[in-house]
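K.L.:
need coordinates for the following:
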Amino acid sequence: MRQRRFLPSTRLLLALDAVVRHGSVTAAAQELNLTQSTVSRLILSLEAQLGVELFTRTRRRLIPNDAAIGYQRDVARALDIVQRASMAVLANPEGGTLSLAVLPTFATRWLGPRLGDFLNAHPGIAVNLSTRIGLVDFAGEAFDAAIRFGGPDRAGAHQQKLFDERVTACVSPAFAENHRLDTLDDLAGLPMLHLESRPNVWSDWFTGQGATPPATGGMMMDQFSMMIQAAISGLGIALLPDYLARIEIADGRLVPIFGQAVPVQGAYWLDWPESREEAAPLRAFRDWLAGETDG
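P.N.:
Down below sits the predicted model:
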């Protein structure tokens, strides 16, 4: 049974969250559409309920102490979870909601075009998507699952492999016309585009071509969408995952050079926490993904 003392009202928690985030009662009051005195009283009520002083009062200012800063961090996560849960109920009152974190370009270029088939096959399930580049903290974020790139080393989560990474070197048609690209030696001195999450991919690609990886330099980016646009603009050579390269090549915006779909380190994975293992929407999504990826 939950103890009322340790479950302050949402009103009190929102006041704490706003004051700590803004570092100002005035700004917090503006965000919450309350008066400054009301916000100050809410903070006093919270401290009284917990029996702990969270702020130092100095010249009408509330300065959060270490306890307040740590408490706000946890409260903010909890408020986000409640908000997402409420939005899920609103979007799908009958239940069956799947909240998924997914890589940005993967979401728009691979998952998005296929997702309609899943929804048509499972009309009772609503899917909420949020983009994430790094690992998702399932303990602190209200996600049922996440799609990531990397190795099979995600601790504290179940995993399902989607497919291995294969990459193709691509350049714009104009870049291909203006540079000799007959042998791997011709790449010496040419700009190569890099992705932060794939630090070893050029080395893997050269090895896959049967060549010794050279020292490479060039622009560094954090998303494939940026790399694709840079390559289309003629800024360098891009190594693109096969599912992206096929799209750009078919559209004529990029052309492949040398061997296509070269295997490199890393794969795409679906991760989910133990607590969501038996959730029906997630089970349906896992089964559908297995069919889409032959996983």
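K.L.:
next, count neighbours for the nearest residue in space to R154 that is not next to it in sequence.
P.N.:
Of all residues beyond its chain neighbours, the one nearest R154 is D271 (5.1 Å), with distances taken as Cβ to Cβ, 6 or more residues apart in numbering. Where you see a C-beta, it was placed from the backbone N, CA and C, and this is true even at glycine. Using other Cβ atoms under 10 Å, the number of residues around D271 comes to 20.
K.L.:
direction included, what does the host helix or strand of D271 pair against?
P.N.:
Assigned by DSSP states H and E, D271 belongs to strand 255-272. Strand 255-272 has the following strand partners under DSSP bridges: strand 145-150 (antiparallel), strand 158-171 (antiparallel).
K.L.:
and the longest one, how far from the chain's centre?
P.N.:
The reference is to strand 158-171. Remark: strand 158-171 is offset 17 Å from the chain centroid, using Cα atoms, centre = their mean, to the nearest Å.
K.L.:
do the shortest one as well
P.N.:
When C-alpha coordinates are averaged (Cα atoms, centre = their mean), strand 145-150 and its chain have centres 8 Å apart.
K.L.:
check which residues of it are buried.
P.N.:
Residues A145, A146, I147, R148, F149 are the ones in strand 145-150 that count as buried (16 or more other Cβ atoms under 10 Å).
K.L.:
now do stretch 282-295
P.N.:
By neighbour count on 16+ other Cβ under 10 Å, the buried set for stretch 282-295 is L282, A284, F285, R286, W288, L289.
K.L.:
would you list every one of the strands in the stretch 151-295 of the chain?
P.N.:
Counting by DSSP state E, counting those that start in this stretch, the segments of the stretch 151-295 of the chain that form strands are 158-171, 194-195, 220-221, 238-241, 255-272.
K.L.:
name the helices or strands packed onto the second one?
P.N.:
Spelled out, that is strand 194-195. Packed against strand 194-195, as judged by 3 or more Cβ pairs under 8 Å, 6 or more residues apart in numbering; DSSP states H and E, are the following elements: helix 201-208, strand 220-221.
K.L.:
which of the buried residues of stretch 282-295 sits closest to P191?
P.N.:
Ranking the buried residues of stretch 282-295 by separation from P191, with Cβ to Cβ as the measure, puts L289 on top at 36.1 Å.
K.L.:
now do the end-to-end distance for stretch 192-200.
P.N.:
13 Å (Cα to Cα, to the nearest Å).
K.L.:
hmm, back to that, between the buried residues of strand 145-150, which sits nearest L14?
P.N.:
Distances from L14 to the buried residues of strand 145-150, taken by Cβ to Cβ, are shortest for A146, at 27.6 Å.
K.L.:
ok, the closest one - contacts?
P.N.:
Residues near A146 by Cβ atoms under 8 Å, 6 or more residues apart in numbering: L100, A101, V102, R132, L135, V136, F138, L270, D271, W272.
K.L.:
in the stretch 51-200 of the chain, which spans are helices?
P.N.:
Residue ranges of the helices in the stretch 51-200 of the chain, as given by DSSP state H, counting those that start in this stretch, are 66-91, 104-106, 112-121, 173-178.
K.L.:
returning to that earlier point: out of the buried residues of strand 145-150, which comes closest to A174?
P.N.:
Minimum separation from A174 among the buried residues of strand 145-150 (Cβ to Cβ) is found for F149, which lies at 29.9 Å.
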